[in-house]
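Asks: Sequence first, predicted model second:
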Amino acid sequence: MIAVRRVAVRFFVDVGAAPTVLHAYRISALALSGLGGPRSAEASTAAAGACLGAIVSDTTPARCTHEPHGAVDTHMSIREPKREGLILCRMRVRAIRSGRRRWFRGLTLVLLCLVTTAFAQPQVTGISGSLTQQGMVTVIGSGFGTKANASPFSWDDFEGGIVGADLGSPVIGPAWTFLSQSPNPSYTDIRAHSGSKGALIQWKNYSISAFGWTGQGPYNQMYISFWRYMDPQDPSAVPVNHKILYLYPPSGTTGQDFMVGAVMASWDQWRYAVQSQPSSGWVLPNGTPNNWAQTIQKWQRWEVFVKMDNPYTASNGEIRGWINGQPTVDVTGINLSDIPTEWMDFRIGHLFQGYHPGGSDRSFFDDVYVDTTPARVEIGNAPTWSACTHREIQIPAAWSDSSINAAVNAGSFACGQQVYLYVVDADGNVNANGFPVTLCAGADTLAPAVPSNLTVQ
C-alpha cells in the first residue's frame, strides 16, 4: 500500500556557473513512500524531501543524489520555480538497493509543492529618485539582507579638499592619518578617476608613505575598494619591495598583519600576504591582471575582502580579491592566524623600496571605500555581473531587506550612459542580471514581470 505523508526540508543549492550565488528553499511537499519495501520507501521519501526545489535557475537542471541506505538519483522539473506559493513539481526517481539497480518503472511523482524563499540572491525590481551625481535613489527589491550600519565605515572621493594640502577628513568616516615622512599624502588635481581631484602619494625621501586610520574597531573582516593609478619614475623596473595596503592588529600586540598587493624584484606577481602568526604566508593570484607591468600607468579598481579565522583555532579564513571587477584571488578555508586577531589600523599606499630619492615615484588614489561587510550597491557596464569590466560603488544611507537608499556615485560613467544596478549582500551573493538605468535621468521604474508558465528541465 502506498502511504502519503508530508515532509519539510531546508537545504542549499549552488547555481552552476555562478558559484557566488546561493539559494535556499524551504519545501513542504507530499512524498510517496511504501514503494518496494521499507528501504525503497525511505529512499523515495528522502529523494522527494531532499531534492524538491533543486531547480534554481533557468538553465541549470536539477540533479540530486541522496544516500540513506541505498542510493537515490532523481531528476525533477518545477513549473515556475522562482515564484513563491503552490507550484507543480515533477520528479523521476531511480533507486539502487543492495547493489541491484531497481527502477520505479514509469514512476513520475507529480506533487504540489509549497515553496518559500529562505535565502536567495538579491533581486532588484525597481528604483526611484535622481540618478545624478550625489542624487539620492531608493532601490526596491528583495533579498538584500541586513546591514547594521548602512553607510560604509569610510568613503572619500577627495573632491572637498584643497589641492596641495594634506589629506583631511573624508566624506564619511574618521579623519585620515598618516604613516609617512614629508611629503604627506595630499589632495591633487594632476590625476583623478572621478571628478577633478584625487589623493597623491609620493616616495621622495622615505620608502613608506600611507594614509588611513588607527585605533578603530577592532574588526575581524574588512571589505576595501579603491581606484589606483601607479606612476613610477622607471616603469620598466620592478620595485625592490612594494605593498599597497596593510591591515594591522592593535599596536603592541602580536596579532596577524595582512597586506594586499606585495610585489618584489624577485617575483613579478602581486601577492596577498599574512605575517606573524602563523609564519608569513603568501597567496598567489589566480587571475589577471596579476603582475607589475599590467597594473601601472592606468586607473584600475582594486577590491579585497578578508575574513579572519573565527574562532582563531579554525581554518576558515577567506581572502578574495578583484581588479576591475575580475577575480584575482579567491581562497577560503585557510588558516590566517594561530592567535586571536582583529584589526584596528588601516593603511593604503604604503611601502616602496627602490624609489628614486627626490624623484617622481608616485601613486594616485580615488574613491576609497572601506567597510566591515561586503554588502554594497554597484553600477556596472554590462547586463550581467560576471561580464562587467567597469563598476562604480554606490554610497548607501539606509538598508533593509527590501529597499536601500543610496547616494549616486557615477564615477567615470557619463551622463546619459546606460548602466546596470547590482546589490551584493553580506554573504557576497549578488543579482546575476543587472537592473538597467540611465545616468542623469529621473528614476521611477519597475522591473518587468517574471514570465509565468515556465518549465525548467
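Replies: Alright, I've got the coordinates.
Asks: Run a quick neighbour tally on A397.
Replies: 13 (other C-beta atoms under 10 Å). Placement of C-beta: from N, CA and C, glycine included.
Asks: Confirm that it sits in a helix.
Replies: No - under DSSP: H, G, I helix; E, B strand; the rest coil, A397 falls outside any helix and is assigned strand.
Asks: What residues are bridge-paired with the closest residue in space to it that isn't next to it in sequence?
Replies: Nearest residue to A397, sequence neighbours excluded (C-beta to C-beta, 6 or more residues apart in numbering): N405, at 4.9 Å. Residues in a beta bridge with N405, per DSSP bridges, are T138, A398.
Asks: wait, isn't N405 in contact with G135?
Replies: No - N405 lies out of contact with G135 (C-beta atoms under 8 Å); the separation is 11.2 Å.
Asks: Tell me how many other residues crowd the residue nearest to A397.
Replies: Other residues close to N405 by other C-beta under 10 Å number 17.
Asks: And for P235?
Replies: Neighbour tally, P235, other C-beta under 10 Å: 12.
Asks: could you say which helix or strand contains it?
Replies: Secondary structure assignment for P235, by DSSP states H and E: no helix or strand.
Asks: Surely it and Q297 touch.
Replies: Yes - using C-beta under 8 Å, P235 is in contact with Q297, at 6.2 Å.
Asks: what residues does stretch 152-170 touch?
Replies: With contacts defined as C-beta atoms under 8 Å, 6 or more residues apart in numbering, stretch 152-170 is touched by 171-176, 178, 184-189, 192, 194-199, 211, 213, 216, 346, 366-372, 376, 395-396, 409.
Asks: For that stretch, output the C-alpha coordinates as CSV.
Replies: Taking C-alpha atoms only, stretch 152-170 is exported to CSV below (Å, rounded to 0.1, in the frame of the first residue of the first chain):
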residue,chain,number,x,y,z
PRO,A,152,30.3,52.4,4.8
PHE,A,153,32.9,52.9,7.6
SER,A,154,35.0,55.2,5.3
TRP,A,155,34.3,56.8,2.0
ASP,A,156,36.1,59.6,0.2
ASP,A,157,36.1,60.9,-3.3
PHE,A,158,38.6,63.7,-2.3
GLU,A,159,36.5,66.4,-4.1
GLY,A,160,36.2,68.5,-0.9
GLY,A,161,40.0,69.0,-0.3
ILE,A,162,42.3,71.9,-1.2
VAL,A,163,44.9,70.9,-3.9
GLY,A,164,48.3,70.6,-2.3
ALA,A,165,47.0,70.4,1.2
ASP,A,166,47.5,67.3,3.4
LEU,A,167,44.5,64.9,3.3
GLY,A,168,41.9,65.8,5.9
SER,A,169,38.5,64.3,6.8
PRO,A,170,36.8,62.0,4.3
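Asks: tell me the average confidence for it?
Replies: In this model, stretch 152-170 has a mean pLDDT of 98.
Asks: Give the buried residues for it.
Replies: For stretch 152-170, burial by neighbour count (16 or more other C-beta atoms under 10 Å) applies to 152-159, 161, 167, 170.
Asks: Neighbours of the nearest residue to S180 once chain neighbours are set aside, how many?
Replies: The shortest distance from S180 to any non-neighbouring residue, by C-beta to C-beta, 6+ apart, is to S209 (3.9 Å). S209 has 28 neighbouring residues, counting by other C-beta under 10 Å.
Asks: backbone phi and psi for S386, please?
Replies: phi -70, psi -20 (degrees, to the nearest 10).
Asks: Let me know the distance separating it from L131.
Replies: 24 Å (C-beta to C-beta, to the nearest Å).
Asks: Which segments of this structure make up each domain?
Replies: Listed domain ranges for the chain are 3-119, 123-146+375-446, 201-371 (source: automatic domain parsing).
Asks: returning to what we had before: TSV for the buried residues of stretch 152-170, including secondary structure and distance to Q123?
Replies: Listed next are the buried residues of stretch 152-170 as TSV, based on DSSP: H, G, I helix; E, B strand; the rest coil; distance: C-beta to C-beta, whole Å:
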residue	secondary structure	distance to Q123
P152	coil	23
F153	coil	27
S154	strand	29
W155	strand	26
D156	strand	31
D157	coil	29
F158	coil	34
E159	coil	33
G161	coil	38
L167	coil	39
P170	coil	32
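Asks: Any stretches of the stretch 51-200 of the chain with poor pLDDT?
Replies: Within the stretch 51-200 of the chain, the ranges that satisfy pLDDT under 70 run 51-119.
Asks: Please enumerate the strands of it.
Replies: All strands of the stretch 51-200 of the chain, identified by DSSP state E, counting those that start in this stretch, fall at 62-66, 71-79, 85-97, 100-119, 123-130, 136-142, 154-156, 177-180, 186-188, 198-202.
Asks: partners of the last one in the sheet?
Replies: For strand 198-202, the pairing partners within the sheet under DSSP bridges are strand 186-188 (antiparallel), strand 362-371 (antiparallel).
Asks: which of those is buried the deepest?
Replies: Most buried of these, by mean neighbour count (mean count of other C-beta atoms under 10 Å): strand 362-371, with a mean of 24.
Asks: Give me the buried entries from the contacts of stretch 152-170.
Replies: Buried by 16+ other C-beta under 10 Å: 171-173, 176, 178, 184-188, 192, 194-195, 197-199, 211, 213, 216, 346, 366-372, 376, 395-396, 409, out of the contacts of stretch 152-170.
Asks: got the buried residues for whatever helix or strand T328 lives in?
Replies: Secondary structure assignment for T328, by DSSP H and E: strand 326-334. Neighbour-count burial for strand 326-334, counted by 16+ other C-beta under 10 Å, picks out 327-330.
Asks: what does the next helix or strand after it rub up against?
Replies: Once the chain leaves strand 326-334, the next helix or strand it forms, by DSSP H and E, is strand 345-348. Among residues not part of strand 345-348, those counted as contacts by C-beta under 8 Å, 6+ apart are 154, 179, 210-216, 222, 224, 226, 244-251, 365, 368, 370.
Asks: follow-up on the earlier one: what's the residue nearest to S180 in contact with, if anything?
Replies: 178-181, 183-185, 201-203, 349-350, 352.
Asks: Secondary structure of it: a strand, I assume?
Replies: Yes - per three-state DSSP, S209 lies within a strand segment.
Asks: Distance check, it against G354.
Replies: 14 Å.
Asks: one step back: with distance to I140 added, can I get the strands paired with strand 198-202 in TSV?
Replies: Listed next are these as TSV, based on distance: least, C-beta to C-beta, whole Å:
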stretch	distance to I140
strand 186-188	37
strand 362-371	22
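Asks: Please identify which pair of the buried residues of strand 326-334 lies farthest apart.
Replies: Maximum pairwise distance among the buried residues of strand 326-334 (C-beta to C-beta): 8.3 Å, between T328 and D330.
Asks: what about Q134, how many residues close to it?
Replies: Applying other C-beta under 10 Å, we find 13 residues neighbouring Q134.
Asks: Of the strands paired with strand 198-202, give the one that comes closest to P340.
Replies: Nearest to P340, of those and by C-beta to C-beta, is strand 362-371 at 22.3 Å.
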